[in-house]
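Colleague: Curious how this folds, go ahead:
(4 chains)
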Number of protein chains: 2
Amino acid sequence: MNQTAEQSIVSGVLEAIAEHRLKAGVKLGEQDLCEIYHCNRAHVRRALATLEAQKVVKLEPNRGAFIATPTPDEARNVFQARRAIERVIAENVLRKASADDIARLRDHVEQEQQARQSSERRNAIRLSGRFHLILGEMCGNEVLDEFLNELVMRSSLIISMYSASQAPLCGDEEHELIVDAIAAGDETALLERIEHHLHHLERSIAIETDNTSPNLKDILQPPSG
Amino acid sequence: MNQTAEQSIVSGVLEAIAEHRLKAGVKLGEQDLCEIYHCNRAHVRRALATLEAQKVVKLEPNRGAFIATPTPDEARNVFQARRAIERVIAENVLRKASADDIARLRDHVEQEQQARQSSERRNAIRLSGRFHLILGEMCGNEVLDEFLNELVMRSSLIISMYSASQAPLCGDEEHELIVDAIAAGDETALLERIEHHLHHLERSIAIETDNTSPNLKDILQPPSG
DNA sequence: CTACACAATATTGTTAACAATCACAAGTCT
DNA sequence: AGACTTGTGATTGTTAACAATATTGTGTAG
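Modeller: Numbers count the residues shown, from 1 in each chain, chains lettered A, B, ... in the order given. I've put the predicted structure just below:
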């Protein structure tokens, strides 16, 4: 119950972020988490420290823990880092993917399409991110895999912040094209498609760059004055 | 004194690792850290959690905190990740380096050479790692910079584990060649030199790959039988 | 009616005491 | 002598109480 408590909190929060149930800025009260996970504050605090280290939670002194609110700059940096990391991951996967691996990828892509067609939006979002994590698992480099995990989480936050709630998440067939390139052993096509896919994902969300007004006046000012 | 306490512990431990004062496997007792940094166990615990998240400290339940002991596999993974990250960092730096930046790099390289010539080994080690961190600061991408920080720390541990204590750390002039390529705006040369430098660093330490015997018998068996 | 000051409440930060576990050493038995 | 058991001390894990701070609500003056 010891490690389990902390890990339950961490993985619970991360899953909630991945499924866009937890949105940026939401407060994570210690008492609330204590009751939800039936543990004491020490465990909650440790879990929050771990989440802070992964940059998905911001700890403000004497105020509490909040889901991180990535800035536009941070968003761009995250996506650039993803392109760098996923490029190497793809190279590794291409080199060492077995027939089973490719079958697993194809199976996952099919699940994604079914979730989309069934309009299980929450599940579709989760599976869409999971595709990249599967590549991370397959690449044979735990360090890269851990980095990717963090980046995908942060991406999920960014998407939930900046993208329209009804916008299509991913090009449906882009993941499939990536698997095709892996199956064909075509490194040039693979790298190009990874790059294109991430650029497309980044551009599909409108990252406002000029959010220099930290006050709510411009947003919530009543129209009548 | 609050945030300072935890950050003092974290940065203190990281600096000690960077200078090879703290070696892999050393125990970090809570009581010891409390006395050294004049704080209570809660702060120490939080600092250790942060260090664990950065993979430089391993927390073993009911046993305590220990400086991480990277395996050969992990070592290779760290270096592969470094090549991927530092490649992008170098591209960014090349694109946006100012004259001041280049001057700063040249100044640093000169400090490195002086430290080496003065045989201030500890300082030379620290500066050698710091060169890469300066590139990270200059690249304009905090995400990449944070990843690099973690990787350089882990590399420092790896080097202190696997390299002979008297071995030359880095080729003296490799950093200088990198700065030259940046100053000349030569991307091809820059990327090649970064790649070469990291490969050279990795190969300069003898990472044993066949440590498949988990018992000490083969190693510590008295010769007389 | 607005703005400011003050009080009440809730939340986080800190500390200390207690419990559980582990490492080491002494002792016992074969 | 060697291996096993037991007991002691030290270290980590857990919990609760207390202090400090922020937030919210209330009341009063302008």
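Colleague: what about the strand or helix carrying residue A:135 and chain B, any contact?
Modeller: Take DSSP states H and E as the rule and residue A:135 turns out to sit in helix A:121-138. No. Using Cβ under 8 Å from any Cβ of the partner chain, helix A:121-138 stays clear of chain B, coming no nearer than 12.0 Å. (Glycine included, C-beta is placed from N, CA and C.)
Colleague: Would you mark the buried spots in that helix?
Modeller: Neighbour counts over helix A:121-138 (16 or more other Cβ atoms under 10 Å in any protein chain shown) mark A:123-132, A:134-136, A:138 as buried.
Colleague: Make TSV out of those and add pLDDT.
Modeller: Shown next, in TSV, are the buried residues of helix A:121-138 (pLDDT from 0 to 100):
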residue	pLDDT
A:123	90
A:124	91
A:125	90
A:126	93
A:127	94
A:128	94
A:129	95
A:130	97
A:131	97
A:132	98
A:134	98
A:135	98
A:136	98
A:138	98
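Colleague: If you tally nearby residues, what's the number for residue A:16?
Modeller: Using other Cβ atoms under 10 Å in any protein chain shown, residue A:16 has 15 neighbouring residues.
Colleague: Could you say which helix or strand holds it?
Modeller: helix A:2-18.
Colleague: That helix versus helix A:121-138: what angle between them?
Modeller: Counting by axes from the mean of the first three to the mean of the last three Cα atoms, to 10 degrees, helix A:2-18 lies at 120 degrees to helix A:121-138.
Colleague: for helix A:2-18, what is the average pLDDT?
Modeller: For helix A:2-18, mean pLDDT rounds to 90.
Colleague: I'd like to know how far the residue of chain A found nearest chain B sits from DNA strand C.
Modeller: In chain A, the residue that lies nearest chain B is residue A:53 (3.5 Å; Cβ to the nearest Cβ). Counting by Cβ to the nearest atom of the strand, to the nearest Å, the gap between residue A:53 and DNA strand C amounts to 15 Å.
Colleague: about what we covered before: following the chain onward from the helix holding residue A:16, which element is next?
Modeller: Scanning forward in sequence from helix A:2-18 by DSSP H and E, the next helix or strand is strand A:27-28.
Colleague: Contacts for that next one next, please.
Modeller: A:13, A:48, A:57, A:64, A:65, A:66, A:67 (Cβ atoms under 8 Å, 6 or more residues apart in numbering or on different chains).
Colleague: Please save the CA atoms from stretch A:111-123 in CSV.
Modeller: The C-alpha coordinates for stretch A:111-123 follow below in CSV (Å, rounded to 0.1, in the frame of the first residue of the first chain):
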residue,chain,number,x,y,z
GLN,A,111,-8.3,0.3,-32.3
GLU,A,112,-7.7,4.0,-32.8
GLN,A,113,-9.9,4.0,-35.9
GLN,A,114,-12.7,2.1,-34.2
ALA,A,115,-12.6,4.5,-31.2
ARG,A,116,-12.8,7.4,-33.6
GLN,A,117,-15.7,5.9,-35.6
SER,A,118,-17.6,5.1,-32.4
SER,A,119,-17.0,8.7,-31.5
GLU,A,120,-15.6,7.6,-28.1
ARG,A,121,-13.7,10.9,-28.0
ARG,A,122,-12.1,10.3,-24.7
ASN,A,123,-10.8,6.9,-25.6
